[in-house]
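Asks: Build me a model from this:
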Amino acid sequence: MLPKTKVAVLGTGFIAEIHLESFHRFVPDADVVAVYGRNSAKAGAFAEKHGIPTWYDDLDKLLAETDAEVMDICLPNYLHHDACMKAAERNKHIIIEKPLAMTLDEADEMIAACKTRNLKLMYAEELCFSPKYERVRALVESGAVGDVYMLKQAEKHSGPHGAWFYQKELAGGGVMMDMGCHALAWFRWMTKNAKVKTVFADMKTVLHKDITDCDDNTITIVEFENGVIGVAEDSWARHGGMDDRIEVYGTKGVSYADLFRGNAALTYSLNGYDYASEKAGDTKGWTFTVFEEAFNQGYPQELAHFIQCVREDLQPLVTGEDGRTVLEMIYAAYQSARTGQKVSLPFYKKVKYPIELLLGE
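Replies: Okay, here's the model as predicted:
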């Protein structure tokens, strides 16, 4: 019997918490042996909370000392490239949260660094593993709705957990970088990675103008070469907690799925209670009380899949190349929102971060 695969988690924020819950509860073949945090107090507290034996506030030291085979990158966007390149130099397999990188140039370097060393690089897109959404995909592949001609995906809430999300120099853009990436990846997943023909987008800052010049409400239309249209609605301006849903339209049927409300209890509370759902805010009055939130979103399934890939030398279902294509689509969306025109792929421009294409900096 193979020993457990040792994992180091890079990051101590919201997404790292979800990954730790997923590893501990649902991935028995993984052993989280180390964590890195830029703040030593937070790193120590995170390690103590989750029973992780070793913590670091120096990434280079972690990579030099740990025998972990897998680096799970849960850091802010602007740190993805550096962490990935350093991990690759130490011959670590890498799973990385969205977006893959800040720029296409960074993405190319990350992919090349892993490929030349025969390392696995997985782009962690949880919607490709969400049980409810995967059931819809199975229905589609069985022919239940006929030939698909349109896909819709919406993800909306009132704003991110951390202040860095609102800073273009750290995040690369606004809600398109943060959440639009999910829709674009899911469209490709549902179309078996069909080639993208054009991208058209409308972007505005409607709620958070006082703290950011990044987009906080976007609509994106993707035209695939096979004729399928994808429509993405993404927002940091929608109050009431997380809203995440899909719609699939075919010549012989339709399928709708709501990621959160179908997995929730309808609750009324005069005084409120501890937690309803991600970014729900006040829990007084009527709320949708979620359960098994991480599982329903697909995080345990994606992490278990990557650990299996490392242990059995398999190709991840979602790769660094997929993450790069999503980033290229994001570039095109920002360019389209500025020009008001459809943008054809392939598309590339030299930028410091994608939202430059919208702001014209």
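
Asks: Show me what counts as buried in the helix or strand containing A201.
Replies: Taking DSSP states H and E as the definition, A201 sits inside strand 196-204. Neighbour-count burial for strand 196-204 flags 196, 198-201, 203 (criterion: 16 or more other C-beta atoms under 10 Å). To be clear about C-beta, it is placed using only N, CA and C from the backbone, and glycine gets the same treatment.

Asks: ok, so of those, who is nearest G180?
Replies: Taking C-beta to C-beta as the measure, G180 lies nearest A201 of the buried residues of strand 196-204, at 8.4 Å.

Asks: Look up how far W55 lies from that closest one.
Replies: Plainly put, A201 is 41 Å away from W55 if you go by C-beta to C-beta, to the nearest Å.

Asks: ok, now E21?
Replies: Note on E21: its distance to W55, by C-beta to C-beta, is 18 Å.

Asks: which one of those two has more residues nearby?
Replies: W55 (22 against 16; other C-beta atoms under 10 Å).

Asks: Spit out the contact partners of the more buried one.
Replies: Taking C-beta atoms under 8 Å, 6 or more residues apart in numbering, we find W55 in contact with 34-37, 43-44, 46-47.

Asks: Mind doing that once more with 6 Å?
Replies: 35, 43-44, 47 (C-beta atoms under 6 Å, 6 or more residues apart in numbering).

Asks: a markdown table please, covering those residues and showing neighbour count, pLDDT and distance to A16.
Replies: Shown next, in a markdown table, are those (neighbours: other C-beta atoms under 10 Å; pLDDT from 0 to 100; distance: C-beta to C-beta, whole Å):
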| residue | neighbour count | pLDDT | distance to A16 |
| --- | --- | --- | --- |
| V35 | 28 | 98 | 8 |
| A43 | 23 | 98 | 10 |
| G44 | 17 | 98 | 14 |
| A47 | 21 | 98 | 11 |
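
Asks: Sitting in helices, which of those do you find?
Replies: Within the contacts of W55, residues falling in helices by DSSP state H are 43-44, 47.

Asks: can you pull out the helices in the stretch 201-350 of the chain?
Replies: 293-297, 299-312, 320-339 (DSSP state H, counting those that start in this stretch).

Asks: Specify the stretch among the ones you listed that is closest to Q167.
Replies: Nearest to Q167, of all the helices of the stretch 201-350 of the chain, is helix 320-339, at 16.3 Å by C-beta to C-beta.

Asks: From the contact count, pick out the helices and strands touching the closest one.
Replies: Using 3 or more C-beta pairs under 6 Å, 6 or more residues apart in numbering; DSSP states H and E, the elements in contact with helix 320-339 are helix 104-116, strand 121-124, helix 181-190, strand 196-204, strand 343-344, helix 356-359.

Asks: Please point out which parts of the last one sit buried.
Replies: Of the residues in helix 356-359, those with enough neighbours to count as buried (16+ other C-beta under 10 Å) are 356-358.

Asks: Leaving out sequence neighbours, find the closest residue to the residue nearest the centre of the chain.
Replies: Among the residues of the chain, the one closest to the centroid is K98, at 3.8 Å (C-alpha atoms, centre = their mean). Excluding its sequence neighbours, the residue lying closest to K98 (C-beta to C-beta, 6 or more residues apart in numbering) is C181, at 4.9 Å.

Asks: And the protein, what are its domain boundaries?
Replies: Following automatic domain parsing, one gets these domains for the chain: 5-127+299-319, 129-296+325-359.

Asks: Which of the ones you listed has the lowest mean pLDDT?
Replies: Per-stretch mean pLDDT for these is lowest at domain 129-296+325-359 (a mean of 95).

Asks: Now do the end-to-end distance for that one.
Replies: 34 Å (C-alpha to C-alpha, to the nearest Å).

Asks: repeat for stretch 48-58
Replies: 18 Å.

Asks: again with stretch 125-136
Replies: Using C-alpha to C-alpha, the end-to-end distance of stretch 125-136 comes to 17 Å.

Asks: Show me the contact partners of it.
Replies: Against stretch 125-136 from outside (C-beta under 6 Å, 6+ apart): 182, 185-186, 189, 246, 248, 255, 257, 297-299, 301-302, 318.

Asks: Can you classify A8 by secondary structure?
Replies: Assigned with DSSP: H, G, I helix; E, B strand; the rest coil, A8 falls in the strand class.

Asks: Report the contact partners of it.
Replies: Residues counted as contacts of A8 (C-beta under 6 Å, 6+ apart) are 34, 66, 68, 71.

Asks: Tell me the most packed of those residues, by neighbour count.
Replies: M71 (28 neighbours).

Asks: so it sits in a helix?
Replies: No. Looking at M71 with three-state DSSP, it is strand, so not inside a helix.

Asks: wouldn't it be in contact with A87 here?
Replies: Yes. In this structure, M71 is within contact of A87 by C-beta atoms under 6 Å, at 4.2 Å.

Asks: Counting neighbours, what do you get for I96?
Replies: There are 25 residues near I96, going by other C-beta under 10 Å.
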